[in-house]
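Q: Got a predicted structure here, sequence first:
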Amino acid sequence: MRPIKQLFSGLLGLLAILPMSAASASEDDSHMEWWRDARYGMFIHWGLYSIAGGEWKGKDYGKEQGGASAEWVMNSAKIPGKEYRETLAPKFNPTDFDAKKWVSLAKEAGMKYMVITSKHHDGFCLFDTDATDYNVMDATPFKRDIIKELSDECAAQGIKFGVYYSQFKDWYHRSRARDKGTLTTEEYLKLVEKNLDELLSNYGEMSVLWFDTGGNDLIEANAQGARVRELQPNAVICSRLYSRKVPAGKQKYADFNSLPDRMLPAERMTEDTETCMTMRHNWGYDRTDDAWKSEKDIVEFLALCAARGVNLLLNVGPDPLGNILPEETERLKAAGKWMAVNGDSIYGTTPSPVDFDFWWGAMTQKEQSVFLHVLEWKKEGIEFNGIVGKPAKVYFLADSGKKPLPVSYDPAGHVTKIEVPEKAPDARNTVIVVEYDGPVVSDPEAKGKFHWYTTRSKRHTQIRKSKGAGKHALPEAVKQAR
């Protein structure tokens, strides 16, 4: 029988890692349950900027060249709104676009929700709107409501659907300081209100409202958040409705904390959190960006996100014709095959029961099972501390027969060691299931640290010092980021 002190500390540890809504722990947050279980979604950056491909008048403004990112080309190249619209909108005719293909790919990749840029900072709307004629139906030869087609297809295939909407920054419409748009601030806010009413009323269930680059005006932000709550009470709202300068306690309608782009937190998160990640440098389509992350990078990052209590929204940037790129498709399908076998270690899990990770990787947890995500194989054995008691059973998640792996436990330091074969069953991420007879109890005195990266510039804090580490090369994207 476990000592009462240890059992009590284990329960406290469990309470510490259960997520709370970013807005308020006291509010009913049942609408967050699906999002917490999902863990993994698809982000899509697509619009007029995709035609430019990060370039303007022969100059490359993409992130691989030190620019902001391909979808920021209007701002980076200082293109007047009229010129930007008249140059690109008549060319937007993505005849290859097929909502069924996009949603099917997300599903095959193991993703549970989809978020697409309905209006990015360039002000162009991918949906039918009466608020402005700067939209796919009125300003382009395509004249198909992309948001409607994707929303309907997501509903048909059982994928949660949401939209990114740039509510504060709009280089085309909004007049701010020295930037002269087509509308005054008052007129622009009416446009936003009309857009939100349309998106929340005409497209069925809207599961996510992914606002971006919010301002410091709480009255403005709260009015927009309140409208979402009124029209779609179950929609999950991104914290970027507000500026990062607004204290979390004042972000009334934020359901989850959206981390800075491409970031993993340096510790376990105790509030609902999401990070968004690119597969290469740019979010939007870029003609010359070839800094692709590997399928191992994606599987690895997904596991580390789950271990720290963070959802992963992984980006694709379709080309001007409406094709998700072959490089993106290849990586998503490969990650999907891994998820088909190992998804139980990601979906519906809580963060690691200990507030650190290990040289070999990290942990996720579900009820009385702990999942070891072994990212760096150690043939001498996989060892961890911090969990009280000897496991009842240990096996590879990919092994349908659940053949037990030899395991030993030292109660002196609560150290568990698992014997493993010389070669990793899966070089990307081998998942070992560690089952216990009762609730998982963490040792409050356990010591450790986070070894694995928080940004792409640092993959592992000891990768060059540890024996046997670094058996696979770092991707070019990481090398360039350094």
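A: Arrived safely, thanks for sending. Numbering: from 1, shown residues only.
Q: contacts and neighbour counts: CA atoms only from here.
A: Noted.
Q: which ones are touching the residue positioned nearest the centre of the chain?
A: In the chain, the residue lying closest to the centroid (Cα atoms, centre = their mean) is Leu313, at 2.0 Å. Residues in contact with Leu313 (Cα atoms under 8 Å, 6 or more residues apart in numbering) are 40-43, 274-277.
Q: If we use 10 Å, what do you get?
A: Residues in contact with Leu313 (Cα atoms under 10 Å, 6 or more residues apart in numbering) are 39-44, 111, 113-115, 262, 274-278, 302.
Q: Could I get the full set of strands for the stretch 251-400 of the chain?
A: 257-258, 273-277, 310-316, 361-366, 369-374, 382-385, 393-396 (DSSP state E, counting those that start in this stretch).
Q: Output these in a markdown table, with distance to Lys293 and mean pLDDT appended to each entry.
A: Formatted as a markdown table, those follow (distance: least, Cα to Cα, whole Å; pLDDT from 0 to 100):
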| stretch | distance to Lys293 | mean pLDDT |
| --- | --- | --- |
| strand 257-258 | 22 | 97 |
| strand 273-277 | 10 | 97 |
| strand 310-316 | 12 | 98 |
| strand 361-366 | 19 | 98 |
| strand 369-374 | 19 | 98 |
| strand 382-385 | 27 | 98 |
| strand 393-396 | 26 | 98 |
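Q: got those strands as JSON lines, with distance to Pro411 columns?
A: Converted to JSON lines, those look like this (distance: least, Cα to Cα, whole Å):
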{"stretch": "strand 257-258", "distance to Pro411": "38"}
{"stretch": "strand 273-277", "distance to Pro411": "34"}
{"stretch": "strand 310-316", "distance to Pro411": "31"}
{"stretch": "strand 361-366", "distance to Pro411": "20"}
{"stretch": "strand 369-374", "distance to Pro411": "18"}
{"stretch": "strand 382-385", "distance to Pro411": "10"}
{"stretch": "strand 393-396", "distance to Pro411": "17"}
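Q: Compare these and report which one is nearest to Pro406.
A: Set against Pro406 and scored by Cα to Cα, the strands of the stretch 251-400 of the chain come closest in strand 393-396, at 7.5 Å.
Q: what's next to the next helix or strand after that closest one, contact-wise?
A: Sequence order places strand 407-410 as the next helix or strand after strand 393-396, per DSSP states H and E. By Cα under 10 Å, 6+ apart, the residues outside strand 407-410 that reach it are 381-385, 388-395, 415-420, 434.
Q: List buried residues within those.
A: 382-385, 388-391, 393-395, 415-420, 434 (16 or more other Cα atoms under 10 Å).
Q: how deep is the residue lying closest to Leu231 once chain neighbours are set aside tucked in, by neighbour count?
A: Of all residues beyond its chain neighbours, the one nearest Leu231 is Leu200 (6.1 Å), with distances taken as Cα to Cα, 6 or more residues apart in numbering. Residues near Leu200, counting by other Cα atoms under 10 Å, number 23.
Q: what does Lys59 give?
A: 10.
Q: Tell me the bridge partners for it.
A: In this entry, Lys59 is beta-bridged to Trp56, by DSSP bridges.
Q: so how far is Ser50 from it?
A: 15 Å (Cα to Cα, to the nearest Å).
Q: again, but for Thr185
A: Taking Cα to Cα, one finds Thr185 at 27 Å from Ser50.
Q: So for these two, which sits in the more crowded spot?
A: Neighbour count, other Cα under 10 Å: between Thr185 and Ser50, Ser50 has more, with 26 against 14.
Q: so where does that one fall, helix or strand?
A: Assigned by DSSP H and E, Ser50 falls within helix 49-52.
Q: Could you give the average pLDDT over that helix?
A: On average, the pLDDT along helix 49-52 is 98.
Q: just how off-centre is that helix within its chain?
A: 23 Å (Cα atoms, centre = their mean, to the nearest Å).
Q: So which residues make contact with it?
A: Helix 49-52 has contacts (Cα under 10 Å, 6+ apart) with 55, 60-61, 70-74, 84, 87-89, 91-94, 120, 122, 124, 283-287, 317-322.
Q: Buried by neighbour count, from these: which ones?
A: The neighbour count (16+ other Cα under 10 Å) marks 55, 60-61, 70-74, 84, 88-89, 91-94, 120, 122, 124, 283-287, 317-320, 322 as buried among those.
Q: now, which of those lie within helices?
A: 73-74, 84, 88 (DSSP state H).
Q: Would you map the helices across this structure?
A: 4-17, 33-38, 49-52, 73-76, 81-88, 99-108, 146-157, 185-201, 218-231, 295-307, 326-342, 476-481.
Q: and Val370, which of these is closest to it?
A: helix 295-307 (10.5 Å).
Q: what about the closest one, average pLDDT?
A: In the prediction, helix 295-307 has an average pLDDT of 95.
Q: about what we covered before: the residue nearest to the centre of the chain bridge partners, please.
A: Here Leu313, judged by DSSP bridges, has bridge partners Gly41, Cys276.
Q: ok, now how distant is it from Ile298?
A: Counting by Cα to Cα, the gap from Leu313 to Ile298 is 11 Å.
Q: Now do the contacts for Thr140.
A: 48, 85-86, 88-93, 133-134.
Q: and Arg144, how many neighbours?
A: Neighbour count of Arg144, defined by other Cα under 10 Å: 17.
Q: just checking, it touches Asp128?
A: Yes: here Arg144 reaches Asp128: they are 8.2 Å apart, a contact under Cα atoms under 10 Å.
Q: any common contacting residues for those two?
A: With Cα under 10 Å, 6+ apart, Arg144 and Asp128 have common neighbours 136-138.
Q: so which of these comes closest to Ser258?
A: Nearest member of the shared contacts of Arg144 and Asp128 to Ser258, counting by Cα to Cα, is Val136, at 28.2 Å.
Q: Leaving out chain neighbours, which residue sits closest to that closest one?
A: Using Cα to Cα, 6+ apart and skipping residues adjacent in sequence, the residue nearest Val136 is Leu126, 5.2 Å away.
Q: quick one, what contacts that neighbour?
A: Going by Cα under 10 Å, 6+ apart, Leu126 touches 46-48, 116-120, 134-137, 143-148.
Q: Now that we're looking at it, what pLDDT does it have?
A: With respect to pLDDT, Leu126 scores 98.
Q: Relative to Asp133, how far out is it?
A: Distance from Leu126 to Asp133, by Cα to Cα: 11 Å.
Q: cool, His281 as well?
A: 32 Å.
Q: Of the two, which one has the most company?
A: His281 (26 against 14).
Q: Correct me if wrong: the more buried one contacts Ala70.
A: Yes: the criterion here is Cα under 10 Å, and His281 meets it with Ala70 at 9.2 Å.
Q: Now for the residue nearest to Arg308 when sequence neighbours are not counted: which residues touch it?
A: Computed as Cα to Cα, 6+ apart, the closest residue to Arg308 that is not its neighbour in sequence is Arg268, at 4.2 Å. Residues in contact with Arg268, defined by Cα under 10 Å, 6+ apart, are 16-17, 305-310, 351-357, 450.
Q: Just the buried ones from those?
A: Buried among the contacts of Arg268 by 16+ other Cα under 10 Å: 16-17, 305-310, 351-357, 450.
Q: out of the residues you listed, who's nearest Trp35?
A: Val310 (10.7 Å).
Q: okay, now the closest residue to Glu149 other than its chain neighbours: neighbour count?
A: Closest residue to Glu149 apart from its sequence neighbours, by Cα to Cα, 6+ apart: Ala99 at 6.1 Å. When neighbours are counted by other Cα under 10 Å, Ala99 registers 19.
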